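Undergrad: Fold the following.
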Amino acid sequence: MDCVTILARAVGSTGREAAEEAIVPIDLIWEYVTSLNLLEALTFMSFGAVCLFYGWRIFKMLVVISFALLGLIMGITISDKISGESTRLLGGLIGLGVMAALSVPLIRWAVCILGAVAGGILTSGIWYACGLNERYIWAGAVIGMVAGGMISFIIFKIAIMLFSSVGGSALMVVGTLAVMCNEHVGREELVKVLVLNHNWFLPVALIVPAVVGIILQNKFIKGSRDWSV
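TA: Next up is the predicted model:
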C-alpha cells in the first residue's frame with residue numbers, strides 16, 4: 001500500500017472512526033505532565049532552553065545521553081524477557097554502557113539517526129494536528145524519517161540543529177505545561193482542555209519553538225568561526 005492510498009484512507013475516515021482507532025497516548029502524556037513537581041518542571045524548561053538554542057555546542061553530549069537512555073530501555077526490556085525482573089537493573093546498566101560507548105566513535109551516524117527520528121516526530125505531529133486517522137500515523141512518521149535522514153546525511157549541521165531543537169522544544173513544552181498545571185499557577189483545567197480536546201495544540205506547541213530554535217542555531221553557527229563538527 002503506497003503513501004497516497006494511505007493518505008486517502010486517512011482523510012476519508014470519519015471522526016468516529018478516528019476516535020475509535022486513537023493510538024496516540026495523549027492520556028499518558030497528560031498523566032506524566034501532571035506528575036511533575038515545580039522543581040522538575042523548571043529543570044525541564046532550563047535544560048530544554050539550552051538544547052533549543054545551544055544544542056550545536058553540546059550536541060556530542062546530547063547524542064551520548066540519548067543513546068545511553070535508549071540502551072537503558074533496551075537492556076531492561078531484554079532482561080525482562082530473558083530472566084525476569086531480577087536482572088532488570090544489571091541489564092539496563094549494561095545496555096546503557098554499551099550504547100553510550102558505541103555512540104562516541106559512531107557520532108555522525110548517531111546524529112543522522114536522531115535527525116531522522118526528529119523528522120518523524122515533526123511529520124507525525126502534523127498528521128495528528130490535521131486530525132487524520134491515527135491508525136496510519138506511522139505513514140506520516142515514515143515520510144518525516146526518510147526526509148530527515150536524507151537531509152541529515154547530506155548536511156550534517158542540519159541534523160544537529162534538527163534533533164537538538166526538537167528535543168529541546170519537547171522538554172520546554174512538557175516543563176511549561178507542568179508549571180501551568182501547578183497548584184500555585186492554577187491553569188490546569190485550561191491546559192487539560194487544550195491537550196485532551198484539541199489535536200492541534202501539542203504539535204503546534206512543539207513545532208513552533210523547534211522552528212525558532214533551528215533558525216537561531218543557524219545564525220549562531222554562522223557567527224561562530226571556531227565551531228566545527
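Undergrad: list the helices and strands the helix or strand in which residue 33 is found packs on?
TA: Using DSSP states H and E, residue 33 sits within helix 26-35. When contacts are defined as 3 or more C-beta pairs under 8 Å, 6 or more residues apart in numbering; DSSP states H and E, helix 26-35 packs onto helix 156-181, helix 188-197. (C-beta placed from N, C-alpha, C; glycine too.)
Undergrad: Relative to residue 108, how far out is the residue nearest to the spatial centre of the chain?
TA: For the chain, residue 167 is the residue whose C-alpha lies nearest the centre (C-alpha atoms, centre = their mean; 5.3 Å). From residue 167 over to residue 108 the distance is 18 Å, taken as C-beta to C-beta, to the nearest Å.
Undergrad: Provide a list of residues in contact with residue 69.
TA: residue 96 (C-beta atoms under 8 Å, 6 or more residues apart in numbering).
Undergrad: buried stuff in the helix or strand hosting it?
TA: Using DSSP H and E, residue 69 falls within helix 59-83. Within helix 59-83, the residues that count as buried by 16 or more other C-beta atoms under 10 Å are 59, 62-64, 66-68, 70-72, 74-76, 78-79.
Undergrad: Likewise for stretch 42-59?
TA: 42, 44-45, 48-57, 59.
Undergrad: What about those, which are in helices?
TA: Among those, the ones falling in helices (DSSP state H) are 42, 44-45, 48-54, 59.
Undergrad: in this structure, which helix or strand is least confident?
TA: Lowest by mean pLDDT, DSSP states H and E among the helices and strands of the chain is helix 15-20, with a mean of 46.
Undergrad: which residues sit in contact with the closest residue to residue 93 other than its chain neighbours?
TA: Of all residues not flanking residue 93 in the chain, residue 75 sits nearest, at 6.9 Å (C-beta to C-beta, 6 or more residues apart in numbering). By C-beta under 8 Å, 6+ apart, the residues touching residue 75 are 91-96, 98.
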